[in-house]
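# Sequence and predicted structure are below.
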Amino acid sequence: MGLMQRFSTIFKAKASKALDRAEDPRETLDYSYQRQLEMLTKVRRGVADVATSRKRVELQVNQLQAQSDKLTQQAKKAIEMNREDLAREALTRKSGLQGQITDLQAQQAQLQGEEEKLTVASQRLQAKVEAFRTRKETIKATYTAAEAQTRINEAFSGISEEMGDVGMAIQRAEDKTASMQARAGAIDELIASGALEDVSAPPGGGDDIARELEAMSSQSDVEAELAALKGSSTQAIGPGDGGATGTTTSEAQARPEQEGQS
Amino acid sequence: MIVRIMGEGQLELPDDQLDHLNTLDAELESAVSAGDEAGFRRAMSALLDAVRSVGTAVADDALVDSDFIMPPADASLAEVRELLSGDGLIPG
């Protein structure tokens, strides 16, 4: 016997077992309809759960991407300041992040796929439940309990199979989501711990690379301003302009003070 | 005949496809029995292609039984084996 055949037999046995039969077959219809509505609620909740997980992963991708962009900027700045060591450090961290971003993007795509599949499944089940409800009312209105049996078996065809299918789809989506949730949790912790650095942190309060670059840039700003001032005083100390000497002296006095601060 | 691909819904196929499907189904069966992962992937996609290419979707509001049921398209060999053992579907 082929695999599809074996699988069909097993699946149908399960589906018909799930069907609790009541004394009056017409009651079975109502009972089954309730179960169908419950399943419909369950699959809709499943769609919402998967969507929540997907959004969480999307948020993480954005956070990590922002951090990665920031590291690129830091590397550029470090190169401008001739600090290849710092640039290397920034790029090393960036490449570590990139691996996580790729992994998360794959998860995001997978969750998106699950969400779409469950959405379609929920629409299909809804259409079948509607059809079942119409059939159920007709059967109850038209037939006696004894007569109803054949019609009921017909009505159950397909719906019980659909229920089993949807039930399994929800289960599989939950399993996939659960394993991703665990990894997403680990990344959230990593972000929270500051290991990946909070991108919203105020300037200066950031990571070590940022602090070093900032210290360097304030130093170089001072040097640049100093050089500019010196330049203007040199120009100013022209023949016949003795008043500029005072400026040069006060600058010279200011310099050790600033060096002492840095 | 009607074939259900788990997680995707039902498709109606011309009855003259039965022999072809049975051949592909037998290949899938032997790959699963042998635990041949590559063979399983190959046979599974051949069967899915055959069903999808000639099948037409059954209306959402139709309440009909399937003649054949296929495991989900992305099911792993291990998952299919578990389903066939009955543990995955029939409690107790």
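Arrived safely, thanks for sending. Residues are numbered from 1 along each chain as shown, chains lettered A, B, ... in the order given.
# ok now do the residue nearest the centre of chain B, which residues does it touch?
In chain B, the residue lying closest to the centroid (CA atoms, centre = their mean) is B:M70, at 2.2 Å. B:M70 makes contact with A:M4, A:F7, B:V3, B:R4, B:I5, B:M6, B:L47, B:L48, B:V51, according to CB atoms under 8 Å, 6 or more residues apart in numbering or on different chains. Every residue, glycine included, has its C-beta placed from N, CA and C.
# repeat for A:R83
By CB under 8 Å, 6+ apart, the contact set of A:R83 is A:E212, A:L213, A:M216.
# For it, report the pLDDT, please.
Per-residue confidence (pLDDT) for A:R83: 87.
# ok, now how distant is it from chain B?
Per CB to the nearest CB, to the nearest Å, A:R83 is found 49 Å from chain B.
# Phi first, then psi, for that residue.
Dihedral pair for A:R83: phi -110, psi 80, per degrees, to the nearest 10.
# and chain A, which residues reach chain B?
Contact residues (CB under 8 Å from any CB of the partner chain) of chain A with chain B: A:1-8, A:10-14, A:17, A:117, A:120-121, A:123-124, A:127-128, A:130-132, A:135, A:154-159, A:161, A:164-165, A:168-169, A:172.
# hmm, which of those are the buried ones?
A:2-8, A:10-12, A:14, A:117, A:120-121, A:124, A:127-128, A:131-132, A:135, A:155-156, A:158-159, A:161, A:164-165, A:168-169, A:172 (16 or more other CB atoms under 10 Å in any protein chain shown).
# buried residues in the helix or strand containing A:E162?
In the assignment (DSSP states H and E), A:E162 maps to helix A:159-193. Neighbour counts over helix A:159-193 (16+ other CB under 10 Å) mark A:159-170, A:172-173, A:176-177, A:180-181, A:184, A:187, A:191 as buried.
# What mean pLDDT does the one helix or strand A:L226 maps to get?
Element membership for A:L226 (DSSP H and E) is helix A:208-236. Helix A:208-236 carries an average pLDDT of 72.
# Ok, stretch A:50-60 next?
Model confidence over stretch A:50-60, given as mean pLDDT, is 93.
# what does it rub up against?
With contacts defined as CB under 8 Å, 6+ apart, stretch A:50-60 is touched by A:104, A:107-108, A:111-112, A:114-115, A:118, A:173, A:177, A:180-181, A:184, A:187-188, A:191.
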